[in-house]
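>>> Got a predicted structure here, sequence first:
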Amino acid sequence: MLTSRFERNRFVGAKIINVQSYGADIKIFEFECKLKAKPGQFIMLWLPGIGERPFSPTKTNPLELAVKKRGLFTKKMFELKVGDCVGIRGPYGKGFKYENVKHACLVAGGIGIAALVRLAETLSNNGAMVDFVYGVRKRDQLVFLERIEKVAELFVSTEDGSFGKKGTCIELLKRLLASKRYDCIYCCGPEPMMVQVLALCKHYNIKSQFSLERRMKCAVGICGHCALGSKLVCKDGPVFSGKTLASIREFMVHE
Amino acid sequence: MLTSRFERNRFVGAKIINVQSYGADIKIFEFECKLKAKPGQFIMLWLPGIGERPFSPTKTNPLELAVKKRGLFTKKMFELKVGDCVGIRGPYGKGFKYENVKHACLVAGGIGIAALVRLAETLSNNGAMVDFVYGVRKRDQLVFLERIEKVAELFVSTEDGSFGKKGTCIELLKRLLASKRYDCIYCCGPEPMMVQVLALCKHYNIKSQFSLERRMKCAVGICGHCALGSKLVCKDGPVFSGKTLASIREFMVHE
Amino acid sequence: MDLQASICGIKLKNPLVLASGVLGLNKNNLLIAQRGGAGALTIKSITLEKRSGHDTPNVAFFEAGVLNAFGYCNMGLSAALEEFADLSCFSVPIFGSCTASNARDFAKLVSAFDKLDFAAIELPVSCPHTPSYGLLAGQSNVEKVRAIIKACRKETKKPIFLKINAGLPNFVEIALAAEKAGADAITCSNTLGPGMVIDINTAKPVLSFKVGGVSGPAIRPMVVRAIYELYEHLKIPIIGLGGVSQGEHVIEMLMAGASAVGIATGILQRGPCVFRKCCEELSRWMKEHGYGSIEELIGFAHQ
Amino acid sequence: MDLQASICGIKLKNPLVLASGVLGLNKNNLLIAQRGGAGALTIKSITLEKRSGHDTPNVAFFEAGVLNAFGYCNMGLSAALEEFADLSCFSVPIFGSCTASNARDFAKLVSAFDKLDFAAIELPVSCPHTPSYGLLAGQSNVEKVRAIIKACRKETKKPIFLKINAGLPNFVEIALAAEKAGADAITCSNTLGPGMVIDINTAKPVLSFKVGGVSGPAIRPMVVRAIYELYEHLKIPIIGLGGVSQGEHVIEMLMAGASAVGIATGILQRGPCVFRKCCEELSRWMKEHGYGSIEELIGFAHQ
Ligand SMILES: Cc1cc2nc3c(=O)[nH]c(=O)nc-3n(C[C@H](O)[C@H](O)[C@H](O)COP(=O)(O)OP(=O)(O)OC[C@H]3O[C@@H](n4cnc5c(N)ncnc54)[C@H](O)[C@@H]3O)c2cc1C
Ligand SMILES: Cc1cc2nc3c(=O)[nH]c(=O)nc-3n(C[C@H](O)[C@H](O)[C@H](O)COP(=O)(O)OP(=O)(O)OC[C@H]3O[C@@H](n4cnc5c(N)ncnc54)[C@H](O)[C@@H]3O)c2cc1C
Ligand SMILES: Cc1cc2nc3c(=O)[nH]c(=O)nc-3n(C[C@H](O)[C@H](O)[C@H](O)COP(=O)(O)O)c2cc1C
Ligand SMILES: Cc1cc2nc3c(=O)[nH]c(=O)nc-3n(C[C@H](O)[C@H](O)[C@H](O)COP(=O)(O)O)c2cc1C
Ligand code: FES
Ligand code: FES
């Protein structure tokens, strides 16, 4: 029948088939649902009666999401049990570019890991050498370690020193940059961290890509709520090159 | 963008690029417009301010129609000049079936020729032997003789004897049937003539297909105005097998 | 899967109803939709006198649906009484439909239809494009509708369905007034609008009547919302229709609060077997999602 | 091809206007649409106070369009006065848009907007889904609209556009009353409905507000018909919008009687450069069909 640009945005039903907890703050959900999404693209997850939010698929078949408890929405998500049903629409946005990248460094801060884990696998499948820098606050927030170690050299930092290097991933990254050459640095994490990574990339003159977060109300490029300067994170992003970000005065300035 | 089942039915603009007259009653119009249509399918032609009517393309690229002046609508059509613009939608309906037909006889009465001329060409292209029986009232109503003679053996009758055999095409057909064997007889003309042809086909036990006319208001199978028994001429037809027609008590009974 | 439904005590083998105006000119027409699997069939609306309706084009298309302006082209009451005198060839309930410019004529039609074997009588007061009928006769007025139902109620014990227009701001009031005056169900909705499609090549409105009622996918959200509202206000059941062509549309209408679901334009999209196809999709989905009966779905979005 | 258009004396390089509510939250947003080729830009409607609007989901989709219920989420007047104080980064006219629950508040907003460099001020009285605003504030009432225009007329000499809802039965009366009270143009139409989309898997309305205004292809025929009607009744010009995403839709609206044509949902279909794409299609078609200016197209379907 009719399949239109509009229809593609309808929610599909997704039943939860598995939930794993990592510490108090992170859960990994698996859904009876599959989709096609490039690393860096995102989906919108709808909890009827609560709202909808963007998330980065950490697997696509079946769909898997890694979620950090932050505010009201994610708190409600943490109450979900196997068998519960949510709505999923997407994928949305532009993913990471990884063609011709031979040596990559991925830098994940906290739940930023969600956007990068599939990218590490894809890069490695494409024959790239991947270093993976991963910083969290404490040990129990670490997820996907096994998956990452299969495809990349992993460097972990925890703020409390409970695993890997004590400190932030910025320090780890600095150390790597002192000795290694990368074609591209990929980064997702809290915005202050990304600002620091961008500064380092400039300093070493390395190409970079960042996956950004903004509040999203439509995800289809009409409401304007996700704007970063005059870019739309939902359509033009969420992945932006360091070069683009450097030219946007609003980077690091949002609610 | 959106292309739907609905959109296919929109009028496309068609400018008249040539008009030829045959006697007082028949005109052949050529349009700046092309379409794909199987022999037997029809289009709807719209004259803004007047109405729309079904016609059988006698060529598809560019679109050509042979029109007989009958009532108000066709009278208005006869006033059209080169450069005038009409609307065309379609093609509609099911065309003739001609697979595996090696020996065919086509029987056209009057403007029924419009539905059969392309069929003759298609059959011949497919390697079939084609006899073409064509009856009109008088000589100046004869159209497409050259095209037909290229692909078929032509037998013409005129009621006034001004060309070919004097009489009706039924008599010509009877004579042919007495000596020849056909896989299928195809017929389009006034309904009383088609009833006679159907009777002959039954008598000789030959398969047959007829292209029927009914008043059409939608051409998309919803209004019901073109019904022939519980068949819709616009969707199930306009071509029906003799077998189907024989089972429809309403054949030959319409306004 | 048992898809049995019921409306005003009329048992339907499935909740899908042929809407009035499509393939409903005569019995032969209706047989096409019966073969297509419909659970009930509504005839094309009949007026007192035969009407030849508007000139062609009677339909215009746009990417999201159809506009029509047939102008109640129909055979008129006396021919209809003959045509529909014997309904024994049908295995599903037949709903009569008739329309008029005023309460008195409505009553005459209903009184005549009462003698036929129609399972119910539907009264459209909501056509947006026929002069002297429906909205063009001011039948968006609550008082007029009340008078029509009252007059018709006297003429028949058969269930009366009032067919309303979901595009009117006062559709809930109209439905409530009808319920109070004795209507047995609300059919929602007739075509919306009217709308217009202009052919840009000739710079002319496509429809000979210029404007026509909008049907098909375009109108479904407005109809679903109207059904949802009506369900919150009415005690009598609702027949939902507008833009239904797939099983999931049927489910949406049932969940909004419809007890049965009509199809008109869907026949253009999927042919007369749209009814059978929707039933198949419906029962597959119900099985997969653990629903056991149509009844469980009705109004479920209100829980 | 010169696509120059004009509305209330405001020159536009092309007749395409960014509609209010899409990419109009702030100047950065508007710059996106300016880059996309729009001939004029309308800001998202501003209310006296900042509003956080309805919860997500704010948009719901169906095959023929979009439903939205943002609930006039906006920065409020005082922030807007700052945001739009300097419009020197724009090369096309900017239209202010503001809305309120009553005439007095409308007047306050217009009085404040009068000081900014907006080329015109648009007043939507027609939103179908925000409590206390538009239709939910009873602004389908002719008297209310008259009072709003009268109050606002006193506060500004800038052109005032009244944005109406083509779904209302009385839209012509509303427009005529506004014209008489001093409105300079009619914008037709806001989203229609409201409508509802139910997610059948969870049996819930998708929108957090349950219902939302319908936009996109679904509503174009109703809007075209409304523009056609308005053109027959009004002296002031019309800005047409609803379901436009292609050059031929623009032509259809112009022929119906619009002097300029807005786009909202079309941005979802073809991105912010929908304006440039429509202009290209428009000028190609005009060339092929021998039209020399936009003006020749306006109201051409009435000849
Ligand atoms: C493209 C994209 C991908 C994402 N992928 C993931 C993922 O894989 N896993 C994951 O856990 N989260 C992800 N997020 C974040 C997620 O969508 C929510 O925004 C986040 O979980 C906020 O939590 P909440 O809704 O529970 O908090 P809320 O109750 O909405 O708010 C909590 C606080 O956070 C602030 N806030 C909320 N959302 C944002 C935002 N987007 N930008 C800035 N501030 C905000 C609020 O202002 C508030 O102070 C992603 C976001 C984006 C844009
Ligand atoms: C599938 C199909 C293909 C056709 N192809 C051609 C073609 O190629 N060339 C051509 O000249 N004509 C063709 N026709 C016929 C054409 O569409 C008109 O119906 C015919 O020209 C009638 O003329 P009018 O509209 O001018 O007459 P009108 O003014 O409509 O009516 C004149 C008289 O004819 C009767 N009448 C009109 N149409 C029909 C009808 N369809 N069935 C029965 N009675 C009718 C009316 O009742 C009236 O008495 C075709 C019809 C069909 C159904
Ligand atoms: C061609 C056509 C003719 C119609 N004629 C009638 C009619 O005579 N009486 C009536 O009550 N409704 C009539 N309708 C309205 C339909 O019954 C139905 O209410 C409307 O089309 C919405 O449903 P849909 O979207 O499934 O088409 C007609 C609709 C169409 C498309
Ligand atoms: C997401 C969205 C938000 C809107 N917000 C407003 C608004 O704030 N003020 C307004 O007057 N119209 C608003 N509208 C209505 C549009 O301006 C326009 O009138 C309507 O969407 C029809 O046009 P379209 O079919 O091109 O979308 C909004 C529409 C959409 C889709
Ligand atoms: S979320 Fe609406 S424009 Fe990006
Ligand atoms: S012409 Fe309408 S059903 Fe055939």
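That came through, no problem. Not measured: the values here are computed from a predicted model. Residues are numbered from 1 along each chain as shown, chains lettered A, B, ... in the order given. Ligands and ions are numbered 1, 2, ... in the order given.

>>> Can you give me the neighbour number for the residue of the stretch 201-303 of chain C found nearest chain D?
In the stretch 201-303 of chain C, the residue found nearest to chain D is C:P221; the distance is 2.8 Å by CB to the nearest CB. No exception for glycine: its C-beta is placed from N, CA and C like everyone else's. Number of residues near C:P221 (other CB atoms under 10 Å in any protein chain shown) recorded here: 31.

>>> what about it, helix or strand, and which?
helix C:220-233 (DSSP states H and E).

>>> is it true that C:L23 touches C:Q34?
No - assessed by CB atoms under 8 Å, C:L23 is found out of contact with C:Q34, at 9.7 Å.

>>> Which one's more surrounded, these two?
C:L23 (30 against 23).

>>> what are the ranges of the helices in the stretch 101-250 of chain C?
C:103-113, C:142-153, C:171-181, C:220-233, C:247-256 (DSSP state H, counting those that start in this stretch).

>>> Can you say which of those is nearest to ligand 2?
helix C:103-113 (27.5 Å; CB to the nearest ligand atom).

>>> who touches the residue in chain C positioned nearest to ligand 5 in this structure?
Closest to ligand 5 within chain C is C:P221: 20.2 Å, counting by CB to the nearest ligand atom. Neighbouring residues of C:P221 by CB atoms under 8 Å, 6 or more residues apart in numbering or on different chains: D:60, D:62, D:65, D:67, D:193, D:195-197, D:214, D:218.

>>> Show the contacting residues for the closest residue in space to it that isn't next to it in sequence.
Nearest residue to C:P221 in three dimensions, chain neighbours excluded: D:G195, at 2.8 Å (CB to CB, 6 or more residues apart in numbering or on different chains). With contacts defined as CB under 8 Å, 6+ apart, D:G195 is in contact with C:220-222, C:224-225, D:67, D:211-214.

>>> ok, and the most crowded of those?
D:V214 (34 neighbours).

>>> Looks like that one contacts D:P194 (just checking).
Yes - assessed by CB under 8 Å, D:V214 is found in contact with D:P194 at 7.1 Å.

>>> what touches both of these two?
With CB under 8 Å, 6+ apart, D:V214 and D:P194 have common neighbours C:222, D:67.

>>> chain center to the helix or strand hosting A:C187: distance?
Assigned by DSSP H and E, A:C187 belongs to strand A:184-188. From the chain centre to the centre of strand A:184-188 is a distance of 11 Å (CA atoms, centre = their mean, to the nearest Å).

>>> strands paired with that strand, and their directions?
For strand A:184-188, the paired strands and their directions (DSSP bridges) read strand A:103-109 (parallel), strand A:207-211 (parallel).

>>> How about residues contacting that strand?
Identification of contacts with strand A:184-188 by CB under 8 Å, 6+ apart yields A:56, A:96, A:98, A:101, A:104-109, A:112-116, A:119, A:173, A:193-194, A:197-198, A:200-201, A:206-211, A:242.

>>> Give the rounded mean pLDDT of that strand.
Here strand A:184-188 scores 97 as its mean pLDDT.

>>> can you list the residues of chain A near ligand 4?
Applying CB under 6 Å from any ligand atom, we find that chain A lies next to ligand 4 at A:222-223.

>>> Please parse chain A into its domains.
Following automatic domain parsing, chain A resolves into domains at A:5-92, A:103-252.

>>> for the ones you listed, which one sits closest to ligand 3?
Comparing these under CB to the nearest ligand atom, the one sitting nearest is domain A:5-92, at 17.1 Å.

>>> Quick one: the strands in the stretch 51-200 of chain C, in order.
Under the criterion DSSP state E, counting those that start in this stretch, the stretch 51-200 of chain C contains strands at C:59-62, C:65-68, C:94-97, C:120-124, C:160-164, C:185-188, C:192-195, C:198-199.

>>> near chain B at all, the first one?
What it means is strand C:59-62. Yes - counting by CB under 8 Å from any CB of the partner chain, chain B is contacted by strand C:59-62 at C:59, C:61-62.

>>> do the same with the last one
Yes - Strand C:198-199 reaches chain B (CB under 8 Å from any CB) through C:D199.

>>> Does that strand pack against any helices or strands, and if so which?
Counting contacts by 3 or more CB pairs under 8 Å, 6 or more residues apart in numbering or on different chains; DSSP states H and E, strand C:198-199 packs against strand C:204-205, helix D:247-256.

>>> can you check the first one too?
Applying 3+ CB pairs under 8 Å, 6+ apart, we find strand C:59-62 packed against strand C:65-68, helix D:220-233.

>>> what angle do the last one and helix D:171-181 make?
Calculated by axes from the mean of the first three to the mean of the last three CA atoms, to 10 degrees, helix D:220-233 forms an angle of 40 degrees with helix D:171-181.

>>> starting at the chain centroid, how far to helix D:220-233?
15 Å.

>>> That helix near ligand 4 anywhere?
No - Helix D:220-233 stays out of contact with ligand 4 when judged by CB under 6 Å from any ligand atom, the minimum separation being 7.3 Å.

>>> does ligand 3 sit close to that helix?
No - judged by CB under 6 Å from any ligand atom, helix D:220-233 makes no contact with ligand 3; its nearest approach is 13.2 Å.

>>> Correct me if wrong: C:F113 contacts C:T156.
Yes - using CB under 8 Å, C:F113 is in contact with C:T156, at 7.2 Å.

>>> anything in contact with each of those two?
The contact sets of C:F113 and C:T156 overlap at C:I121 (CB under 8 Å, 6+ apart).
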